[in-house]
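Asks: Need coordinates for the below:
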Amino acid sequence: MEVLRFKSGIVMSIALLFTILALATPCWIVFGSVSIGLFVSRFGGVWDGQRFPPFNAGPSTFGNSDAQNVAIAFLVLAMVTLLPASILVIFAARVEGKDKMAKIGGALAVVSALFLLIAMASYTGLMKMLASNWGYSYAIGWAAFCLTLPAGPVAIFAK
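Replies: I've put the predicted structure just below:
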């Protein structure tokens, strides 16, 4: 068993879990007791099924939810590529002579890191004027990128 590739696959699995958590949790931006997520918002202790904007300011005030839509789309793409990447790398590390599978999995992880970077950077760029405090969901998304970025090349080049 190739230990370095196996660990790389485990790191990819953790990054996949972080990506799912970032997508599902409701705390991307925080305004005191208001937190805005990609799918729901929380006002004090009350959950609202509405997405952005968080209060009765029309869509013309803050624009539409392009930042959320872009983030959702690229986070889903990242999950779709990270799942087979982690499976391929872990399987290739456990079975001898499966270098090609590990290289494919590593390449998928690099593509997934690119998707994560686009999701997080576009959300940051489109919401920077509104965000006074970034939430834990936002931090988890960046952590997923930071885990995925080195795991791909390690899976590709580990012997």
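
Asks: after the helix or strand of the chain with the lowest mean pLDDT comes which helix or strand?
Replies: Lowest on mean pLDDT, DSSP states H and E among the helices and strands of the chain sits helix 59-62, with a mean of 36. Note on helix 59-62: by DSSP states H and E, the next helix or strand toward the C-terminus is helix 66-94.

Asks: Buried ones in that following helix, by neighbour count?
Replies: Across helix 66-94, burial judged by 16 or more other C-beta atoms under 10 Å covers 67-72, 74-75, 77-79, 81-83, 85-93. Where you see a C-beta, it was placed from the backbone N, CA and C, and this is true even at glycine.

Asks: Relative to the whole chain's centre, how far out is it?
Replies: Centroid separation between helix 66-94 and its chain, computed with C-alpha atoms, centre = their mean, to the nearest Å, is 8 Å.

Asks: Could you pull up the contacting residues of residue 83?
Replies: Residues in contact with residue 83 (C-beta atoms under 8 Å, 6 or more residues apart in numbering) are residue 16.

Asks: same thing but at 6 Å, please
Replies: With contact set as C-beta atoms under 6 Å, 6 or more residues apart in numbering, residue 83 has no partners.

Asks: and it, how far is that from residue 39?
Replies: Residue 83 sits 20 Å away from residue 39, going by C-beta to C-beta, to the nearest Å.

Asks: swap in residue 150?
Replies: The value you get for residue 150 to residue 39, if C-beta to C-beta is used, is 30 Å.

Asks: what's the answer for residue 9, then?
Replies: Using C-beta to C-beta, residue 9 is found at 29 Å from residue 39.
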